[in-house]
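Undergrad: Predicted model follows, preceded by the sequence.
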Amino acid sequence: MQRTRTFKDKFFLVLKGLAMGAANKVPGVSGGVVAFVVGFYEEFIYSLQKINGKAFFLLLKGRCKAFYQYINGKFLGLLTLGMVISYFSVSKILDYLIDYFELYVWATFFGMIIGSIYYIGKDFNLKSLKNLLFIGVGILAGVAISLLEPATENDNLWFVFFCGIIGVSGMTLPGLSGSFILILIGNYVLLLVDSVNALFDTLTDLAKLDFSFIENPERIRLLKVLTSFTAGSVVGLVTLSHLLGFVLKHYKDITYAVIIGFITGSLGVVWPWKEKIFKTNATGEVLKDRNGNAILDNYDRYMPDFSDSSTWIALFFIIIGIFVVVGLERYGNKNKNNA
């Protein structure tokens, strides 16, 4: 599975990590879809499966080079680097775009998911009754999740560890948005906004040799939360990859059918024309978390108004999103042919 990588390969692998990291942070979008469409999904799962007992045995014996080669460390390292960079750069740009151009951002992702459904389903046997049945199961599951009401924030470290396992699912399971699941269990802002910002501020302070954050209990709390979340994410990546590898090996058609259905069902999550509904108390006052952020309850989705110019601009961005996936598909196929 491993191969010699040129500088260009390494550079584009970091960019793929950037794309996965950005996709994982957007509710309703799955980083696993990016891996699937671009063409490195199987290598990603294969590499994660190599983090097993044999790998830790090599590490305990001090055979670091053998460990690095065994787990395809160059591939995982470059991909992880891209994801880390994404959380401090691309994801922040996305936050800005969602704040000021929300309709067009959702429209673009809506188009990308439509393109992803086409990409994954174009070579799939849709005439099989069994496959159609499991596609239907996937659609129902995706729609059901999109209609659930979000819970309230919980910073218990064991619960946060569990959130890490759940949140990373979007990287290994195409169509399942880990960030949207975090919204449903109430910890999206805590884990993907507040704690990430706390880490960024801490790294900035350390660069200035400023250690005053040690006396800041809120900063320390958020760093503990981020540490627990990261640990859960690592455990989730390894365990889910082993489980997914087994399922793909023994039930590949069923797995793909459920993935196609789930991605289709998730279209409701990223439907561009919607308004946020925030939780309120008995007097109608909007409830906020401890950081002053309004607590999201759900979305009020509506049909677009075709007399509004913004609707046509959004439709244009949907087309852009579809063409982005088509372009990624061609790039992935070109890489496979040249490998």
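TA: Yes, it's here.
Undergrad: Which is the succeeding secondary structure element to whichever helix in the chain runs longest?
TA: Longest among the helix segments of the chain by residue count, using DSSP state H, is helix 217-250. Sequence order places helix 252-265 as the next helix or strand after helix 217-250, per DSSP states H and E.
Undergrad: Remind me what the helix or strand just after that following helix packs against, helices and strands.
TA: Downstream of helix 252-265, the first helix or strand assigned by DSSP H and E is strand 274-278. Judged by 3 or more CB pairs under 8 Å, 6 or more residues apart in numbering; DSSP states H and E, strand 274-278 is in contact with strand 296-301. For glycine as for every other residue, the C-beta is placed from the backbone atoms N, C-alpha and C.
Undergrad: Got the phi and psi for residue 39?
TA: phi 110, psi 20 (degrees, to the nearest 10).
Undergrad: Retrieve the pLDDT associated with it.
TA: pLDDT for residue 39: 72.
Undergrad: One more: the one 10 residues further on?
TA: Confidence at residue 49, expressed as pLDDT, is 83.
Undergrad: Could you double-check that it lies in contact with residue 245?
TA: Yes: judged on CB atoms under 8 Å, residue 49 makes contact with residue 245 at a distance of 5.0 Å.
Undergrad: in the stretch 151-300 of the chain, which segments are predicted with low confidence?
TA: Along the stretch 151-300 of the chain, the parts satisfying pLDDT under 70 run over 151, 174-176, 289-293, 295-298.
Undergrad: Kindly provide the distance from residue 312 to residue 104.
TA: Here residue 312 is placed at a distance of 11 Å from residue 104 (CB to CB, to the nearest Å).
Undergrad: Have a look at the two and say which one is more surrounded.
TA: residue 104 (19 against 11; other CB atoms under 10 Å).
Undergrad: re the thing from before, list the buried residues of the longest helix of the chain.
TA: 219, 222-223, 225-230, 232-233, 236-238, 240-242, 244-245, 248 (16 or more other CB atoms under 10 Å).
Undergrad: do the same with stretch 80-88
TA: Neighbour-count burial for stretch 80-88 [16+ other CB under 10 Å]: 80-83, 85-87.
Undergrad: Kindly report the same for stretch 147-164.
TA: Buried residues in stretch 147-164, defined by neighbour count with 16+ other CB under 10 Å: 150, 153, 155, 160-164.
Undergrad: Tell me the span between the first and last residue of that stretch.
TA: One end of stretch 147-164 to the other measures 22 Å (CA to CA, to the nearest Å).
Undergrad: how far does stretch 271-284 stretch from start to finish?
TA: End-to-end distance of stretch 271-284: 27 Å, with CA to CA as the criterion.
Undergrad: so how far is it off the chain centroid?
TA: Relative to its chain's centre, stretch 271-284 lies at 24 Å (CA atoms, centre = their mean, to the nearest Å).
Undergrad: now stretch 306-323
TA: 24 Å.
Undergrad: what's next to it, contact-wise?
TA: 103-104, 107-115, 118, 272-273, 304-305 (CB atoms under 8 Å, 6 or more residues apart in numbering).
Undergrad: just those now: which is nearest residue 32?
TA: residue 113 (12.1 Å; CB to CB).
Undergrad: returning to what we had before: relative to residue 187, which of the contacts of stretch 306-323 is nearest.
TA: Of the contacts of stretch 306-323, the one sitting nearest to residue 187 (CB to CB) turns out to be residue 109, at 21.5 Å.
Undergrad: Common neighbours of residue 312 and residue 104, please.
TA: Here residue 312 and residue 104 share no contacting residue, scored by CB under 8 Å, 6+ apart.
Undergrad: wait, residue 237 sits on residue 168?
TA: Yes: proximity of residue 237 to residue 168 meets the contact threshold set by CB under 8 Å, at 5.3 Å.
Undergrad: returning to what we had before: same list, the buried residues of stretch 80-88, but as JSON lines with secondary structure, distance to residue 204 and pLDDT please.
TA: Shown next, in JSON lines, are the buried residues of stretch 80-88 (DSSP: H, G, I helix; E, B strand; the rest coil; distance: CB to CB, whole Å; pLDDT from 0 to 100):
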{"residue": "80", "secondary structure": "helix", "distance to residue 204": "21", "pLDDT": "88"}
{"residue": "81", "secondary structure": "helix", "distance to residue 204": "19", "pLDDT": "90"}
{"residue": "82", "secondary structure": "helix", "distance to residue 204": "21", "pLDDT": "89"}
{"residue": "83", "secondary structure": "helix", "distance to residue 204": "20", "pLDDT": "86"}
{"residue": "85", "secondary structure": "helix", "distance to residue 204": "16", "pLDDT": "85"}
{"residue": "86", "secondary structure": "helix", "distance to residue 204": "18", "pLDDT": "82"}
{"residue": "87", "secondary structure": "helix", "distance to residue 204": "14", "pLDDT": "74"}
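Undergrad: Brilliant, that's me finished.
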